[in-house]
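Visitor: Sequence and predicted structure, then a few things I'm wondering about:
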Amino acid sequence: MKLYDFPLSPYCQKVRIVLAEKELAYEKTFVDLTKNEQRSQEFLRLNPYGKVPVLIDDEEVIYDSTFINEYLEDEYPHPALRPEPSADRARLRMFEDFADNSFTVQCGLLYAEVRKSEDLIDQELVQRYKVDVIRVLEFLDRQLDGREYLVEEFSLADLAFIPRLLRLPQVGVELPSRLKSVSGWIARLIQRPSVVQLQKELSIS
């Protein structure tokens, strides 16, 4: 099994968490996005969209983190990261889509802005992004009320949020004390061995 990976990509991190949860051995192939290696003809033969991650398992080539993780769940179902009831599976897919298209994107915009030199940072933009991120966390807090995880047990829904949750302190987002359900959820997530491993890889403590 081979993973075409850029370590800082939250979508690659989603896949690495699943691989760690399932204790699957794989080889990493580094794709340097800073040098546009994802646009090379060789890589475009694997993924015509020119994006990481890409997983090769025997003869199968799968791209897009969501599709990769669904494939891994189908092929290597233990431990299960997807519930059986159709309603729970629908809930999982909605949360994962929400994570990818709202939370991950907004946190990424914030991360890109705060990494600029101080004289180039648009503080109004930073505050707007922070408000957007807190709004997502407030929504998640309501969804987690009375629950340990977003869909019963730990699943693909929860891990979709992990890469950017780990970056919140670095982008200056403080979790409001009123969001007790989210706070407990994050505490449970960061204790998982797969997430501890990811934090070590990213040198996040």
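Guide: Good, I have the coordinates.
Visitor: Look through the chain and tell me its longest helix.
Guide: Looking across the chain with DSSP state H, the single longest helix is helix 123-143.
Visitor: average pLDDT for it?
Guide: For helix 123-143, mean pLDDT rounds to 96.
Visitor: start the count at 357, not 1, going forward
Guide: Right, with 357 as the first residue, what we last looked at is helix 479-499.
Visitor: Give me the helices and strands touching it, please.
Guide: Where contact means 3 or more C-beta pairs under 8 Å, 6 or more residues apart in numbering; DSSP states H and E, helix 479-499 is packed against helix 460-470, helix 536-546. The way it works is simple: take the backbone N, C-alpha and C, and place the C-beta from them, glycine included.
Visitor: In terms of mean pLDDT, which of those helices ranks lowest?
Guide: When I compare the helices and strands packed on helix 479-499, helix 460-470 is least confident, with a mean of 93.
Visitor: Which elements pack onto it?
Guide: On a contact count with 3+ C-beta pairs under 8 Å, 6+ apart, helix 460-470 meets helix 366-377, helix 479-499, helix 518-521.
Visitor: relative orientation of it and helix 479-499 in degrees?
Guide: 150 degrees (axes from the mean of the first three to the mean of the last three C-alpha atoms, to 10 degrees).
Visitor: where in this structure is pLDDT low?
Guide: In the predicted model of the chain, residues 560-561 satisfy pLDDT under 70.
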